[in-house]
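> Requesting a structural model of the entry that follows:
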Amino acid sequence: MTFTDLQKQRRTTYVLGKKVSQTPEEIYDIVKSAVTNAPTAFNNQTVRVMTLTGDFHEKLWHLTADRLKTEVPDEAAYNNTLAKINSAFKAGYGTILFFTDTSVVKSFEENIPLYAENFYDWSEQGHGIAEYATWLALTEAGLGASLQHYNPLIDELVAENFNVPTSWRLRAQMPFGSIESSADDKTFLADADRFKLFKS
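I've put the predicted structure just below:
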């Protein structure tokens, strides 16, 4: 499969299952390789990752559901939220947590003051690349995924329950698993509204 084929195949999957042929260790290696080889500014490698499967994966989404209950007091709205968590996230095989090591960002800000105001932005760009690389790697392995952002609501709960170092800042959650329902067709803006070519 070419890179372009992988890009076209990668979709946000909201109906996940646990019918995964890979072991947790194999998935861990897939994630580790994708993130290790994703570029970061000044090669500062600020992205940190935890891969959760089994009871740890389920615990994350149980904690998230409990936390959201305090933010969504309307019972009907909360039940809709809970249904989405259970079917789109918790029903999957695992979740990848992406963090920024803020101590590394701070070190570069202090040691290269000329670019100090850029390093946090660059760390976010590094996240985007690492998350996309991971998503493509999961796609290549036949797995579905989505990218979620329940941070900062769940930051403290995640830190307390998963032994997160104090310098790690949660940036995203990527539930993954078997693809139980195909994604809807994707629409695109007109090329003329997005791209320009200058040539001589």
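
> buried residues in the helix or strand bottoming out on mean pLDDT in the chain?
Ranking every helix and strand in the chain by mean pLDDT, DSSP states H and E puts helix 75-84 at the bottom, with a mean of 91. Within helix 75-84, the residues that qualify as buried by neighbour count (16 or more other CB atoms under 10 Å) are 78, 81-82. For every residue, glycine as well, the C-beta is placed using N, CA and C.

> following that helix, which helix or strand shows up next?
Helices and strands here follow DSSP states H and E; after helix 75-84, the next one along the chain is strand 94-101.

> Strand 94-101 and the next helix or strand after that next one, what's the angle between them?
Proceeding N to C from strand 94-101, the next assigned helix or strand is helix 102-111, under DSSP H and E. With axes from the mean of the first three to the mean of the last three CA atoms, to 10 degrees as the basis, helix 102-111 and strand 94-101 are set at 30 degrees to each other.

> Show the average pLDDT along helix 102-111.
With pLDDT averaged residue by residue, helix 102-111 scores 97.

> Can you pull up the most central residue in the protein?
To find the centre residue of the chain, average its C-alpha atoms and take the closest one (CA atoms, centre = their mean): that gives Met174, at 3.7 Å.

> so that one, which of the three states?
The assignment at Met174 comes out as strand when based on DSSP: H, G, I helix; E, B strand; the rest coil.

> who are the neighbours in contact with the nearest residue to it once chain neighbours are set aside?
When the adjacent residues along the chain are set aside, Met174 lies closest to Ile96, with 4.2 Å between them (CB to CB, 6 or more residues apart in numbering). Counting by CB atoms under 8 Å, 6 or more residues apart in numbering, Ile96 touches 31, 49-52, 134, 173-174, 176.

> Could you single out the nearest of those to Val105?
Val49 (16.1 Å; CB to CB).

> how near is the closest one to Thr95?
In this structure, Val49 and Thr95 are 11 Å apart, going by CB to CB, to the nearest Å.

> the more surrounded of the two?
Comparing Val49 with Thr95 by neighbour count (other CB atoms under 10 Å), the higher total belongs to Thr95, at 25 against 19.

> and the residue nearest to Met174, what are its bridge partners?
Taking DSSP bridges as the rule, Ile96 bridges to Thr51, Met174.

> tell me the SS of Gly126?
Recorded secondary structure, Gly126: helix (three-state DSSP).

> Not counting sequence-adjacent ones, nearest residue to it?
The spatial neighbour of Gly126 that comes closest, neighbours along the chain excluded (CB to CB, 6+ apart), is Thr40 at 3.8 Å.

> show me the contacts for that neighbour.
For Thr40, the set of contacting residues under the criterion of CB under 8 Å, 6+ apart consists of 46-47, 122-123, 126, 129-130.

> Fine by me, we can end here.
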